[in-house]
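K.L.:
what follows is a predicted structure for the sequence shown.
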Amino acid sequence: MKKSSINTQDVLSMRGAGYYSERTAGARNVINEAGDMIFAALVDLPDSTALKIADYGAADGGTSQQMWNTVIRSLREAGDMRQIEMIYTDLASNDFSTLFRMMQGMQGDPTHAYQNHFENVFVHGCGTGFHKQLMTSESLHLGFSATAMHYVSVKPMEISNHVHAVCADVGSKTAFAEQAAVDWQNILLARAAELVPGGRFICLNFGIDAEGRYLGNTGGKHMFEHFHKYWKALHDKSRITKDEYERATFVQYYRTMEEFCAPFADPDSRVSRAGLTLKANYTKLTKCPYSAAFLDASGGMSNREYAESLIPTMRSWSETVFKTALTGREASEINKIIDEFYQAYLDEVTANPEGHAMDYVHIILDIEKTVS
Ligand SMILES: C[S@@+](CC[C@H](N)C(=O)[O-])C[C@H]1O[C@@H](n2cnc3c(N)ncnc32)[C@H](O)[C@@H]1O
């Protein structure tokens, strides 16, 4: 087993300066569709003088901004004028300054810059990973997280024959599954400590559905197989070394519904004993918005235009993995190789776009901290 020596924080962070949310319409759609569920949970909370809300693994905050703006507007329109404390969490390496600027309408489209629209909304950031308790005990009313908790806290190993655990050999898959189980328990225990009795934690996590589908693998061309194909091609051409080839391992694991629900199914588990119960759980497939726009255009968009919209959305979250694998080279050389890598994928989509898309598969969980 090849041990990892890479700082996972470097491998995880999304590309900064707003690049991530500008090119991630699919993630934004998934979050927007959860708005009603979030609002219903907020209305259902026990009485409190103020509301403390957390958005865990928020990246630059751009993808959830419209949802929070809508939810806060709905609260205000319903006569709820309570003070709201919004805590955005992510890793220390995250681009928090872009996030703070966006919420104040100083960067990007200010339409949903809710700090400009509402009184008594206080925005904070927390740069500590979500596997730990991040705020004072029993102080949080609603925790939310989208598309973030598939990142494992530690890369258990480099996968020597692929880039992602979903396509890995049994031994590698098992190592990632074990790490993900420990992490999920830690995530839940931390939220159990933070939540007030009656508080809620709603998360929309990447996962594997009952039909075995997951991000970029929903019946068409398989995205992770393509990442691997073009990364391996660079190695086969001696553009990258064997070590570099192996170091491109995503620090991710897509849990199944069973894996997500396991801590709740056992009344004696640490999570159940900490007071967390599962109110609802379901899977959701969200079609790739770039593919949908291409199909809707029915000939009005060229293959190349489609490829040039699809590949950047993949690049926004995957690029750091491949870049980090090349650590030690000159920055200009790294950029050249990475451009070559995504260009090869882009050329394939341009030549034959059929089946290429990045559909999302989420497992959605609504968790409650019971009133003891
Ligand atoms: C794919 S982005 C999702 C961003 C946003 N929530 C969305 O749905 O568009 C995943 C985010 O999770 C963050 N992340 C990964 N591991 C984390 C951890 N242990 N603690 C906090 N954030 C983490 C990454 O840095 C990244 O910003």
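P.N.:
Arrived safely, thanks for sending. Residues are numbered from 1 along each chain as shown.
K.L.:
can you tell me the residue of the stretch 251-372 of the chain closest to the ligand?
P.N.:
residue 317 (4.9 Å; CB to the nearest ligand atom). In this view, the C-beta of every residue, glycine as well, is placed from N, C-alpha and C.
K.L.:
buried sites along stretch 252-260?
P.N.:
252, 253, 254, 255, 256, 257, 259, 260 (16 or more other CB atoms under 10 Å).
K.L.:
sorry, back to before: mind checking how far the residue of the stretch 251-372 of the chain closest to the ligand is from residue 229?
P.N.:
19 Å (CB to CB, to the nearest Å).
K.L.:
and residue 157, by the same measure?
P.N.:
22 Å.
K.L.:
so which of the two has more stuff around it?
P.N.:
residue 157 (19 against 14; other CB atoms under 10 Å).
K.L.:
contact residues of the protein facing the ligand?
P.N.:
12-14, 24, 27, 31, 57-59, 63, 89-91, 94, 129-131, 146-148, 151, 153, 317 (CB under 6 Å from any ligand atom).
K.L.:
change it to 5 Å
P.N.:
Contact residues (CB under 5 Å from any ligand atom) of the chain with the ligand: 12-14, 27, 57, 59, 63, 90-91, 129-130, 146-148, 151, 317.
K.L.:
show me where pLDDT drops low in the stretch 251-372 of the chain?
P.N.:
372 (pLDDT under 70).
K.L.:
tell me which two in the buried residues of stretch 252-260 are the farthest apart.
P.N.:
252 and 257 (17.2 Å; CB to CB).
K.L.:
phi and psi next, for the closest residue to the ligand within the stretch 151-300 of the chain.
P.N.:
Here the residue of the stretch 151-300 of the chain nearest the ligand is residue 151; by CB to the nearest ligand atom that distance is 3.7 Å. Note on residue 151: its backbone torsions stand at phi -80, psi 130 [degrees, to the nearest 10].
K.L.:
just use 43 as the starting number from now, easier for me
P.N.:
OK, 43 is where the count begins now, so the last one is residue 193.
K.L.:
mind pulling up the pLDDT for it?
P.N.:
Here the pLDDT value assigned to residue 193 is 96.
K.L.:
ok, it touching residue 297?
P.N.:
No - using CB atoms under 8 Å as the test, residue 193 is too far from residue 297 to be in contact (11.7 Å).
K.L.:
would you map the strands across this structure?
P.N.:
Applying DSSP state E to the chain gives strands spanning 92-98, 125-131, 163-168, 182-188, 237-250, 297-298, 318-328, 402-411.
K.L.:
let me know which of those is tucked in deepest.
P.N.:
Stretch with highest mean neighbour count among the strands of the chain: strand 182-188 (a mean of 24; mean count of other CB atoms under 10 Å).
K.L.:
what is the burial count for the closest residue to residue 266 other than its chain neighbours?
P.N.:
Leaving out its chain neighbours, the residue that sits closest to residue 266 by CB to CB, 6 or more residues apart in numbering is residue 206, at 4.5 Å. For residue 206, the count of nearby residues is 27 (other CB under 10 Å).
K.L.:
check contacts around residue 206.
P.N.:
Applying CB atoms under 8 Å, 6 or more residues apart in numbering, we find residue 206 in contact with 266, 269, 270, 291, 292, 294.
K.L.:
quick check, pLDDT for the first one.
P.N.:
The model reports residue 266 with a pLDDT of 97.
K.L.:
list the contacts for residue 192?
P.N.:
222, 247, 248, 249, 294, 295, 296, 297.
K.L.:
repeat that for residue 177.
P.N.:
94, 96, 129, 168, 236.
K.L.:
would you check which pair of those lies furthest apart?
P.N.:
Of all pairs in the contacts of residue 177, the most separated under CB to CB is 94 and 168 at 12.0 Å.
K.L.:
surely residue 268 touches residue 390?
P.N.:
Yes - taking contacts as CB under 8 Å, residue 268 lies within contact range of residue 390: 7.3 Å.
K.L.:
buried residues, stretch 95-115. List them.
P.N.:
95-114.
K.L.:
sorry, that was for stretch 326-340
P.N.:
Buried, per 16+ other CB under 10 Å, within stretch 326-340: 328, 330, 331, 332, 333, 334, 335, 336.
K.L.:
which residues sit against that stretch?
P.N.:
By CB under 8 Å, 6+ apart, the surrounding residues in contact with stretch 326-340 are 67-68, 71-72, 75, 246, 251, 255, 260, 343, 347-348, 351-352, 355, 395, 398-406.
K.L.:
could I have the PyMOL command that selects the buried members from those?
P.N.:
Listed next is the PyMOL selection for buried residues among these, using 16+ other CB under 10 Å:
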select buried, resi 67+68+71+72+246+251+255+260+343+348+351+352+355+395+398+399+400+401+402+403+404+405+406
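K.L.:
in helices only, show me the contacts of stretch 326-340.
P.N.:
Residues of the contacts of stretch 326-340 located in helices (DSSP state H): 67, 68, 71, 72, 75, 347, 348, 351, 352, 355.
K.L.:
need the max-distance pair from the residues you listed.
P.N.:
Maximum distance among the ones in helices among the contacts of stretch 326-340 (CB to CB): 26.3 Å, for 75 and 347.
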